[in-house]
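Novice: I would like to see how this sequence folds:
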Amino acid sequence: MIAYLRGRLLEKRPPALVLDVQGIGYELEAPMTTFYDLPDPGAEVVLHVHFVVREDAQLLYGFNQQRQRDLFRNLLKVAGVGPRVALAILSTLSAEDFHSCMVGEDIDRLTHVPGIGRKTAQRLIVEMRDRLLKEVDVPAATASPGAATAPVSPVQDAVSALISLGYKPVDASRAVRNVAADDLSSEEIIRGALRALAGNPA
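Specialist: From the prediction side, this is the model:
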């Protein structure tokens, strides 16, 4: 399994790009949200990769953030959603926007994505909402392979802690958002969120 590729960007022709890795040109498809962040051809980039092997082809899909790739993989598990539709979703919505659609059951916004009708939008909400264990509405810090890990904010730390305790990501996110403040530590946020989740906000 290919986890990521590091190399020189040769071509950008959305939705395809070519990456030169030690003299081998890898052709990948990527969502527009990845293309927006790509440098000009000639620069070195690192892309997280999803590799698909079919009877008639071997396909690579590239993402500038690991959470984008993880969301892409989760989308492929939904009946009726293939790579093309998954790329369309990630090209239209950021990971944070998609999560908001799941939390708010925003069918209308989902149907603005090419290839998504109301039935598919409803299926996405039903099947994806509880799957997004890492897709909280607080952007996660993502670093390129080999780079130093960015510090986790108290809010992110609190959400992760609640999820590890068994709370659904949607409930954990909502509870943290309702009590979070700039001057609170992660422990204080967790404590307040746990009180709220237990039905005792005082």
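Novice: burial of the nearest residue in space to Met102 that is not next to it in sequence, as a residue count?
Specialist: Leaving aside its sequence neighbours, Met102 sits nearest to Arg129 (C-beta to C-beta, 6 or more residues apart in numbering; 4.7 Å). Just so you know, the C-beta spots here come from the backbone N, C-alpha and C atoms, and that holds for glycine as well. Arg129 has 17 neighbouring residues, counting by other C-beta atoms under 10 Å.
Novice: Local confidence estimate at Arg129?
Specialist: For Arg129, the pLDDT comes out at 80.
Novice: what does Ile125 give?
Specialist: So, for Ile125, pLDDT stands at 90.
Novice: hey, where'd the strands end up in the chain?
Specialist: 4-13, 16-21, 24-29, 44-53, 58-63 (DSSP state E).
Novice: Return the most buried member of the ones you listed.
Specialist: Compared across the strands of the chain, strand 58-63 shows the largest average neighbour count, a mean of 19 (mean count of other C-beta atoms under 10 Å).
Novice: okay, the angle between that one and strand 16-21?
Specialist: 90 degrees (axes from the mean of the first three to the mean of the last three C-alpha atoms, to 10 degrees).
Novice: what's the lowest-mean-pLDDT helix or strand in the chain packed up against?
Specialist: Sorting the helices and strands of the chain by mean pLDDT, DSSP states H and E puts helix 154-164 at the bottom, at a mean of 76. Under the contact criterion of 3 or more C-beta pairs under 8 Å, 6 or more residues apart in numbering; DSSP states H and E, helix 154-164 touches helix 169-179, helix 186-197.
Novice: With respect to burial, which of the ones you listed scores highest?
Specialist: The most buried one of the helices and strands packed on helix 154-164 (mean count of other C-beta under 10 Å) is helix 169-179, showing a mean of 20.
Novice: picking that back up, how near is the residue nearest to Met102 to Val113?
Specialist: Using C-beta to C-beta, to the nearest Å, we find Arg129 at a distance of 17 Å from Val113.
Novice: could you dump the strands of the chain to TSV with mean pLDDT and distance to Tyr36?
Specialist: Shown next, in TSV, are those (pLDDT from 0 to 100; distance: least, C-beta to C-beta, whole Å):
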stretch	mean pLDDT	distance to Tyr36
strand 4-13	95	11
strand 16-21	96	13
strand 24-29	96	15
strand 44-53	95	13
strand 58-63	95	12
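Novice: follow-up on the earlier one: tabulate the helices and strands packed on helix 154-164 (CSV), appending mean pLDDT and distance to Pro154.
Specialist: Shown next, in CSV, are the helices and strands packed on helix 154-164 (pLDDT from 0 to 100; distance: least, C-beta to C-beta, whole Å):
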stretch, mean pLDDT, distance to Pro154
helix 169-179, 83, 9
helix 186-197, 78, 4
